[in-house]
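Asker: Need a 3D model of the following:
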Amino acid sequence: MDDDSAYRVVAELVRQQSLGEILLLSREHHLDVSARHRLVKFYALLKCAETLRYDQFRGFPA
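Answerer: Numbers count the residues shown, from 1 in each chain. Modelled structure (predicted):
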């Protein structure tokens, strides 16, 4: 998966699921450790961007 595809997938996941759920999905789909690390980095990047956009940290999905 290239970075653009990963960004789109993570952006959709961030809107729907918590980080814990995303990590469980990554394990279920047997993503290797480096892919899981990239996934967490993209998730964090998107949460930072969301914080800047809304001028506040809006938390994580429950």
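
Asker: list the helices and strands the helix or strand containing residue 49 packs on?
Answerer: Using DSSP states H and E, residue 49 sits in helix 33-54. Here helix 33-54 touches helix 3-16, helix 19-28, going by 3 or more C-beta pairs under 8 Å, 6 or more residues apart in numbering; DSSP states H and E. Where you see a C-beta, it was placed from the backbone N, CA and C, and this is true even at glycine.

Asker: Which pLDDT value goes with the spatially most central residue of the chain?
Answerer: Central residue of the chain (C-alpha atoms, centre = their mean): residue 43, 2.8 Å from the mean position. Among the per-residue scores, residue 43 holds a pLDDT of 79.

Asker: Renumber starting at 6 from here on
Answerer: Sounds good: first residue 6 from here, last item residue 48.

Asker: does it really touch residue 25, like I thought?
Answerer: No: applying C-beta atoms under 8 Å, one finds residue 48 not in contact with residue 25, separated by 10.9 Å.

Asker: how about stretch 47-64: buried residues?
Answerer: For stretch 47-64, burial by neighbour count (16 or more other C-beta atoms under 10 Å) applies to 47-48, 51-52, 55.

Asker: ok, of those residues, which one's closest to residue 40?
Answerer: For the buried residues of stretch 47-64, the residue nearest residue 40 by C-beta to C-beta is residue 47; the value is 10.6 Å.

Asker: Output the below-cut-off pLDDT ranges for this structure.
Answerer: Low-confidence segments of the chain, defined by pLDDT under 70: 6, 15, 18-19, 24, 66-67.

Asker: residues in contact with the residue sitting furthest away from the middle of it?
Answerer: What lies farthest from the middle of the chain is residue 60; by C-alpha atoms, centre = their mean that is 19.7 Å. Counting by C-beta atoms under 8 Å, 6 or more residues apart in numbering, residue 60 touches no other residue.

Asker: Roughly how far does it sit from residue 28?
Answerer: Between residue 60 and residue 28 the computed distance is 28 Å (C-beta to C-beta, to the nearest Å).

Asker: before we move on, what about residue 16?
Answerer: Using C-beta to C-beta, residue 16 is found at 17 Å from residue 28.
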